[in-house]
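# Dropping the sequence and predicted coords here.
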Amino acid sequence: MTASCDGCVLVTGVGKAGLVGQKLVATLASTGSPAHFLHPSEAVHGDLGRVRKCDVVWAISNSGRSEEVVRIAPHLRANSSGLISITADHDNPLAVAADCSVAIGKHEEACPNGLAPTASTAVMMAVGDGIAMLASQLRSFTAQDFARFHPGGALGRKLTEVDHVMRPLSVCRVASSDVSIRSAMIAASQSGRRTGAVMLVDEYGKLAGLFTDSDLARLLEARAENALDASIESRMTASPETAASGSLLQDAMALMSQRRISELPVVDADLKPVGLLDITDLVSLTESSQRPATVPFAAVPFAAVPKSSS
């Protein structure tokens, strides 16, 4: 129901359940399910107008008997495409009023007095996150989609596309693959700003190879000056590793680390170079990209009982 929703997911709850609901709204919104919080007290004073037939509503209450939420349940069900209740069990007014009842179980609170919502809210949040993650998966929500909603901070840098960090072609060193090393180096020095490699293209403008400063240094160290007038095609790295335009920077950096390379051409769908990733530009991003991945969400068992509309 959540994954197939064409509108927004409206989450409602009061007290601690309402605070959990606000957190779940953030989870939903950032993982492909547009969502908003609806305060039950404000709902009866006009905010029910936010609910549309294309929306799905999550109503959260551990007891399922919160007066403010139970009061608006019939209106929420009538004005939306479906009402999902998240309660401790199925035997309560809110669960009965819903189209689908999700029971999270009854849990002893961690509070010394056994009263303050603690364990119950933790489970409530975990189950809500689980539903959100399943909906995200069913929507085929990708890392690229996630990146669009997280442009800031370390996470944003980790999910940045290579195009936003690469040196554009206009400032890269580019030369033809059918000229000598000497000619290629001269032409490349005039075509762009200094980088650690020259991208070599064929007659169709497609990337043919890469000739690095290290390649040149090895020739000079071997006192093979005569090789400078040989075809660069004989000395270049043919079919070098590349990153596709639009791919994630974290993947490109992982490839550079794995292959121990300092320059990575970025190519379009026709294999024509559009830019270059240079290790010197990525130093400041290395720390964030090497942080351990977060632990995958572990789904908390719960029972969902769909009911036919009455």
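Everything's here; your move. Bear in mind the structure is a predicted one, so any value in this text is a computation, not a measurement. Numbering: from 1, shown residues only.
# helices or strands up against the longest helix anywhere in the chain?
For the chain, the longest helix by residue count, based on DSSP state H, is helix 119-138. Contacts defined by 3 or more CB pairs under 8 Å, 6 or more residues apart in numbering; DSSP states H and E place helix 119-138 against helix 16-30, strand 56-60, strand 82-87. Using the backbone N, CA and C atoms, a C-beta is placed for each residue, glycine as well.
# same thing but 6 Å
Packing partners of helix 119-138 (3 or more CB pairs under 6 Å, 6 or more residues apart in numbering; DSSP states H and E): helix 16-30.
# V102 should be in a helix, yeah?
No. V102 is assigned strand when assessed by DSSP: H, G, I helix; E, B strand; the rest coil, not a helix.
# separation between it and V96?
13 Å (CB to CB, to the nearest Å).
# ranges for the helices of the stretch 151-300 of the chain?
Taking DSSP state H, counting those that start in this stretch, the helices of the stretch 151-300 of the chain run over residues 153-158, 181-191, 213-221, 249-259, 279-289.
# ok, back up a step: export the longest helix of the chain as PDB, just CAs?
These are the backbone C-alpha positions of helix 119-138, laid out as PDB (Å, rounded to 0.1, in the frame of the first residue of the first chain):
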ATOM      1  CA  ALA A 119      10.900  -0.100  24.600                       C
ATOM      2  CA  SER A 120       7.600   0.300  22.800                       C
ATOM      3  CA  THR A 121       8.700   3.500  21.000                       C
ATOM      4  CA  ALA A 122      12.000   1.800  20.000                       C
ATOM      5  CA  VAL A 123      10.100  -1.100  18.400                       C
ATOM      6  CA  MET A 124       7.600   1.200  16.900                       C
ATOM      7  CA  MET A 125      10.400   3.200  15.200                       C
ATOM      8  CA  ALA A 126      12.100   0.000  14.000                       C
ATOM      9  CA  VAL A 127       8.900  -1.400  12.500                       C
ATOM     10  CA  GLY A 128       8.100   1.900  10.800                       C
ATOM     11  CA  ASP A 129      11.700   2.100   9.400                       C
ATOM     12  CA  GLY A 130      11.300  -1.500   8.200                       C
ATOM     13  CA  ILE A 131       8.100  -0.700   6.300                       C
ATOM     14  CA  ALA A 132       9.800   2.400   4.800                       C
ATOM     15  CA  MET A 133      12.800   0.400   3.700                       C
ATOM     16  CA  LEU A 134      10.600  -2.300   2.100                       C
ATOM     17  CA  ALA A 135       8.600   0.400   0.300                       C
ATOM     18  CA  SER A 136      11.900   1.900  -0.900                       C
ATOM     19  CA  GLN A 137      13.000  -1.400  -2.300                       C
ATOM     20  CA  LEU A 138       9.700  -2.000  -4.000                       C
END
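# which residues sit against whichever helix or strand comes after that helix?
Later in the chain than helix 119-138, the nearest helix or strand by DSSP states H and E is helix 143-148. By CB atoms under 6 Å, 6 or more residues apart in numbering, the residues outside helix 143-148 that reach it are L159.
# So which bits of helix 143-148 are buried?
Neighbour counts over helix 143-148 (16 or more other CB atoms under 10 Å) mark A147 as buried.
# same question, stretch 260-277
Buried residues in stretch 260-277 (16+ other CB under 10 Å): 261-267, 271-277.
# Pick the one among the residues you listed closest to L76.
Nearest to L76 among the buried residues of stretch 260-277: V266, at 49.0 Å, using CB to CB.
# Distance of the spatially most central residue of the chain relative to M133?
A centroid search over the chain (CA atoms, centre = their mean) returns F146, at 2.5 Å, as the residue closest to the centre. Between F146 and M133 the computed distance is 12 Å (CB to CB).
# domains of this structure?
By the assignment in automatic domain parsing, the chain contains the domains 9-141, 162-289.
# Next, format the ones you listed as JSON lines and append mean pLDDT.
Below are the domains of the chain laid out as JSON lines (pLDDT from 0 to 100):
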{"stretch": "domain 9-141", "mean pLDDT": "96"}
{"stretch": "domain 162-289", "mean pLDDT": "86"}
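# closest one to T2 among those domains?
That would be domain 9-141 among these, by CB to CB, at 4.3 Å.
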